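S.K.: Please find the sequence and the predicted model below.
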Amino acid sequence: QDQLEESGGELVQAGDSLRLSCASSGRQFSAYTVGWFRQAPGKEREFVASISTSGANAYYGDPAKGRFTIARDTAKNTMSLQMSKLTPEDTGLYLCAVATGRSEPVTLARLYKIWGQGTQVTVSS
């Protein structure tokens, strides 16, 4: 099974930009839809963005629309999330995941079967 590893999270200030990366060691990552979720302490896991297998289609959760961009490099088995205009509300553990069996963007966490451990993003005011 694929092993996912996120990176790029750090402490930044409000208004800053940050780029997260997700790398996979397996084959399922390139074959299916992948996505980003985030989780803040005491809150439910929140959908951030998802991208199709081909990379042609992407879908964003409301907090990400207009500020975040998801992309993938199938040849390198990687995915990124470019975030801009960050606010303290963006603070959380950001996780990448694979929706095995899916080819188009999906928003439901239960459809993602492979998860990374996450990378922490903290935005100070």
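M.R.: Sure thing, it's come through.

S.K.: For this structure, just list every one of the strands.
M.R.: 4-7, 11-13, 18-24, 33-39, 46-51, 58-60, 68-73, 78-83, 92-99, 114-115, 119-124 (DSSP state E).

S.K.: Next, the contact list for Thr87, please.
M.R.: By C-beta atoms under 8 Å, 6 or more residues apart in numbering, the residues touching Thr87 are 14, 123. Just so you know, the C-beta spots here come from the backbone N, C-alpha and C atoms, and that holds for glycine as well.

S.K.: Now the most centrally placed residue in the chain. Nearest residue, chain neighbours left out?
M.R.: Nearest residue to the geometric centre of the chain (C-alpha atoms, centre = their mean): Trp36, 2.1 Å. Spatial nearest neighbour of Trp36, chain neighbours left out: Val48 (4.1 Å); criterion: C-beta to C-beta, 6 or more residues apart in numbering.

S.K.: cool, and Gly15?
M.R.: Leaving out its chain neighbours, the residue that sits closest to Gly15 by C-beta to C-beta, 6+ apart is Lys85, at 6.3 Å.

S.K.: What is the burial count for that neighbour?
M.R.: Using other C-beta atoms under 10 Å, Lys85 has 12 other residues around it.
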